[in-house]
Structure formats: structure tokens, C-alpha cells
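Student: Turn this into a structure:
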Amino acid sequence: MFELHLGDKLSVPSTLFDDPLFLTGRPGQGKSVTFLAIAHALVRNRQSGLIVDPYGDLAAKLKEQTVVKGMANRVVFGGFEMDLATLRKHLKANKLVVVAARFLVDGERKGREEGIKLLKRYFRCAAPGNWLLIDESFAFVDDTIIEKFLQVKKMGLKVVFSDIGFYRLSEDERSRFCKLFGFYIIYKVMNFDAECLAKYNPALNPKNIAAIQQYHFQFLQGGKLSYHKGVWPLEL
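Tutor: Residues are numbered from 1 along each chain as shown. Below is the predicted model:
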């Protein structure tokens, strides 16, 4: 077990991630900083798993920081084309595998197709205790992946679903995912998503979500809600 520092006066044990986290917020509110903070904790503590970055900026920052801090041997960087044998080899070697696409260059359609294939390969070789962090999580879904996502707790995986909101999911899928999530980090979101979150979580209030300041977030776990400032600057 190790500690993850997620915000001002907010540190949580890694065992909390036995339940999946939903990290959400509009662009520019601070969601990516928290995503990177979790990735940093995994690197520091020699964890294995897969990090999926559709735009490549988070992977680039993590690569630069691991080189500077002399931790590059703990992380493997690659693209969505990474094959099953290579992915399995790195996970067995207790590596953190960071794969990046170029949505802004190649387009979301192509990246989405390759990301779905990659995730299917990951689910074939992932072992209990492995991590899975996915930015823009709901961009990478088809019927198979949806069901795999909903089974991650039973598979013993530690998962961070990060997305700007629920608009890619059906009402039934939103309901099922909200039952899956063990805890939430909520930056300011679109009004539709604030309503969805409050519908499935009585402790949340759409008006209070709308009032969240930039770089601050609400933390919801076990029905208890707290308010925090994000971590900045990040230190690996």
C-alpha cells in the first residue's frame, strides 16, 4: 500500500482504488493535473499497468519528468499499435506502460479504433493488481469494451476513468457506471453532467458543482463529500 496525494489536504491509500475512480471536469479546470498526479504516484511506487493518453500531451510530460528524475527505467512509452506480446512482456516485468495517440493530428475516429483494439489486448493480459488509467475513457468504447469496463472490479484491476462527461453513454450505461464507481473527483462539469451525477449520488448538488472554482474539485467517497484545491506544481 502507498499514499496518493490528490489535492490540498487530501491523501488517500492506494487500496481505495480497489474501487474504480471517476475523474471528471471540463477542459481547463484541472482534471489533467490530477490524472498526472496519480500517474506520478504509480511511477514512484513501481506499479505496473497501462495509461492511455489520446492526445499525447500527458505522456510527453510524464516522459520528460521520468527522465529528469532518473525513473525512466520504470516506464515504457509507446503508441496504440503496441502488440499483445509486447504489452504482456512489459506488464510481467512490472512496468508502467504509457501509450499515446494523436487525436488532434490523426483525428478521433482513427485513434478511437486503435484504442479499442489496444484495450482489448490489455484485457487479455492484465492481471489482478494492474492499473488502468484512461483519459477520454468513453471515447474508447464499443459493446465489448463497455462490458469489460463494467467488470474491472471483479477482475481485480485498479482503474481511473477520466472523461469530460457522460454524453457518449446511454442513460442505461450512465446508471451502470455510476453504480460501479467507488469514488469521484469532480471538477466543474457541463450542466448535463452535473444533473447526471446528482441523479445517481444524493450527496451531490448540481448548483454546488456549477460553483466549483477553477483548479478545485469535489471529492465524493462513501457518501461523504469534501472540497479541495488541486495539487500544483507536481513533483515526481
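Student: close enough to count as contact, residue 101 and residue 59?
Tutor: No. Applying Cβ atoms under 8 Å as the test, residue 101 and residue 59 come out as separate, 9.3 Å apart. The way it works is simple: take the backbone N, C-alpha and C, and place the C-beta from them, glycine included.
Student: okay, and the common contacts of those two?
Tutor: Taking Cβ atoms under 8 Å, 6 or more residues apart in numbering as the contact rule, residue 101 and residue 59 both touch residue 53.
Student: which one of these two has more residues nearby?
Tutor: Neighbours were counted for residue 101 and for residue 59 using other Cβ atoms under 10 Å; residue 101 has more, 27 against 23.
Student: Could I get the contacting residues of the more buried one?
Tutor: Going by Cβ under 8 Å, 6+ apart, the list of residues near residue 101 reads 53, 54, 55, 56, 79, 80, 111, 114, 115.
Student: Leaving out sequence neighbours, find the closest residue to it.
Tutor: Excluding the flanking residues, the one nearest residue 101 by Cβ to Cβ, 6 or more residues apart in numbering is residue 111, at 4.0 Å.
Student: On the C-terminal side of the helix or strand harbouring residue 195, identify the next helix or strand.
Tutor: Secondary structure assignment for residue 195, by DSSP states H and E: helix 191-200. Note on helix 191-200: by DSSP H and E, the next helix or strand toward the C-terminus is helix 206-210.
Student: Show me what counts as buried in that following helix.
Tutor: 206, 209 (16 or more other Cβ atoms under 10 Å).
Student: cool, and stretch 136-152?
Tutor: Within stretch 136-152, the residues scored as buried using 16+ other Cβ under 10 Å are 136, 137, 138, 139, 140, 141, 145, 146, 148, 149, 152.
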